[in-house]
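# Sequence plus the predicted model coming up.
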Amino acid sequence: MPSRALLAGLCAAFAATTAAAPLQPDAAKNCRSCAEWNQPQKPFLLYGKSWYVGTHGLSSVLIDSGDGLVLLDGALPESAPLIAANIAQLGFRLEQIKYIAVSHAHYDHVGGVAALARASGATVVASARNAQALTAGLPPKDDPQVDFGAEANAFPKVENVKVLADKETLRVGHLALTAHYTPGHTPGATSWSWPDCDGEDCRDLVYADSLNAVSDDVYRFGGADGSGGIAASFRASIARVAALPCDVLIPVHPGFADFDAKLAQRAKGAKPDPFIDAGACKRYADAALHKLDERLNEERAAAK
Ligand SMILES: [Zn+2]
């Protein structure tokens, strides 16, 4: 009969061989808003088998497919350890992550992806334009924020990226995660939707990418010559998000859907659950359209 000490030793050896590659974060970005965005956030259930595992200011979502995990976004390089700790707090291991899907190739949403992919062995999935940016570690030349410069815009490169076409669905276990190309804030911007169930009660979840018409000082959403630029395709992206079946909206910045207020209401026992809000995607899109129209007016006024 093996001694208790021997058994403990064998268990420790087994744990050592199956542990994830330790997370090795890339250098912190330390941007002006980074410390504020990177405040810790306790993980919480969004709906069904989908959890919020991001920081207080930058979203990341973990979905349990029943046959492996899918992670959406990795926030800042300095967020990766916080996301990993949140995943562990929920009782999951990094090596259970099969795929990491991304919203848009700016350092505050994909900065932590490279480290999380290395530590988990997950495959990164992205739109065609996001895939190019991820492997380059930089937004493309037609990104509205490109004039901030390579140093400001850079993020850790991701080695292998699987491209998902527009409207293509990634199937893992019981999860069907669909990519919706929603260019505007960036050329590769992607929103994601999936149904998730709490018992028999199934809802549509939407991870909505930024629809924010913000840029550097040079870029013009209406085109450098005022001829239209990407305004029409940006409007189409906004209309797409507005039209998605949507019971639970998770924007890439949780503040865009007042997550703090929803958590406070949930803590007070509010029913129905405050995160179930069928009008949220439409309101999110309407606010973005208003901002885009304002921005285009400003560009026209400045051109006169
Ligand atoms: Zn962005």
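Arrived safely, thanks for sending.

# For the stretch 151-300 of the chain, which segments count as helices?
Residue ranges of the helices in the stretch 151-300 of the chain, as given by DSSP state H, counting those that start in this stretch, are 231-243, 259-267, 280-303.

# ok, now how distant is the spatially most central residue of the chain from Gly279?
In the chain, the C-alpha closest to the average C-alpha coordinate belongs to Asp73, at a distance of 3.5 Å (Cα atoms, centre = their mean). According to Cβ to Cβ, to the nearest Å, Asp73 stands 24 Å off from Gly279. C-beta: built from backbone N, CA, C; applies to glycine.

# ok, now Pro25?
Using Cβ to Cβ, Pro25 is found at 38 Å from Gly279.

# Could you check which of those two is surrounded by more residues?
For the pair Pro25 and Gly279, the greater number of neighbours falls to Pro25 (21 against 11), based on other Cβ atoms under 10 Å.

# Surely the more buried one is in contact with Leu116?
No - at 9.3 Å, Pro25 does not count as touching Leu116 under the criterion of Cβ atoms under 8 Å.

# Tell me which stretches of the stretch 1-150 of the chain form strands.
Remark: strands assigned in the stretch 1-150 of the chain by DSSP state E, counting those that start in this stretch are 44-47, 50-52, 61-64, 69-72, 97-101, 123-126.

# Helix or strand with the lowest mean pLDDT in the protein?
None of the helices or strands of the chain scores lower by mean pLDDT, DSSP states H and E than helix 4-18, at a mean of 48.

# related to what we said a few turns ago, ok, the residue nearest to the centre of the chain touching Val113?
Yes - contact between Asp73 and Val113 holds when scored by Cβ under 8 Å: they sit 7.3 Å apart.

# what sits against Ala21?
Arg118, Ala119, Gly121 (Cβ atoms under 8 Å, 6 or more residues apart in numbering).

# What separation do you get for it and Arg118?
7 Å.

# The residue nearest to the centre of the chain: what's it in contact with?
By Cβ under 8 Å, 6+ apart, Asp73 lies in contact with 54, 58-61, 100-103, 109-110, 113, 207, 252.

# can we see that at 6 Å?
Ser60, Val102, Ser103, His109 (Cβ atoms under 6 Å, 6 or more residues apart in numbering).

# which residue packs closest to the third one, ignoring adjacent ones?
If I follow you right, that is Ser103. Once flanking residues are discounted, Ser103 sits nearest to Asp209: 4.2 Å by Cβ to Cβ, 6 or more residues apart in numbering.

# shared neighbours, Pro25 and Leu116?
Ala80.

# Contacts for stretch 232-249, please.
Outside stretch 232-249, the residues within contact range by Cβ under 6 Å, 6+ apart are 46-47, 180, 182-184, 191, 193, 203-206, 208, 211, 257, 275-276, 278, 280-282, 284-285, 288-289, 292.

# what residue ranges in the chain are flagged as low confidence?
The model of the chain has pLDDT under 70 over residues 1-20.

# that older thread, and the helices of the stretch 151-300 of the chain: which comes nearest Phe148?
Closest to Phe148 of the helices of the stretch 151-300 of the chain, according to Cβ to Cβ: helix 280-303, at 17.1 Å.

# List the buried residues for the closest one?
Neighbour counts over helix 280-303 (16 or more other Cβ atoms under 10 Å) mark Ala280, Cys281, Tyr284, Ala285, Ala288, Leu289, Leu292, Arg295, Leu296, Glu299 as buried.

# quick one: it to chain centroid distance?
Relative to the centre of its chain, helix 280-303 is centred 22 Å away, using Cα atoms, centre = their mean, to the nearest Å.

# Mind giving me the packing neighbours of that helix?
Applying 3 or more Cβ pairs under 6 Å, 6 or more residues apart in numbering; DSSP states H and E, one finds that helix 280-303 contacts helix 231-243, strand 248-251.

# Can you add distance to Pro156 and mean neighbour count and give the ones you listed back as TSV?
TSV is the format used below for these (distance: least, Cβ to Cβ, whole Å; neighbours: other Cβ atoms under 10 Å):
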stretch	distance to Pro156	mean neighbour count
helix 231-243	27	18
strand 248-251	23	25
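
# Including distance to Gln96, could the ones you listed go into CSV?
Converted to CSV, these look like this (distance: least, Cβ to Cβ, whole Å):
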stretch, distance to Gln96
helix 231-243, 30
strand 248-251, 21
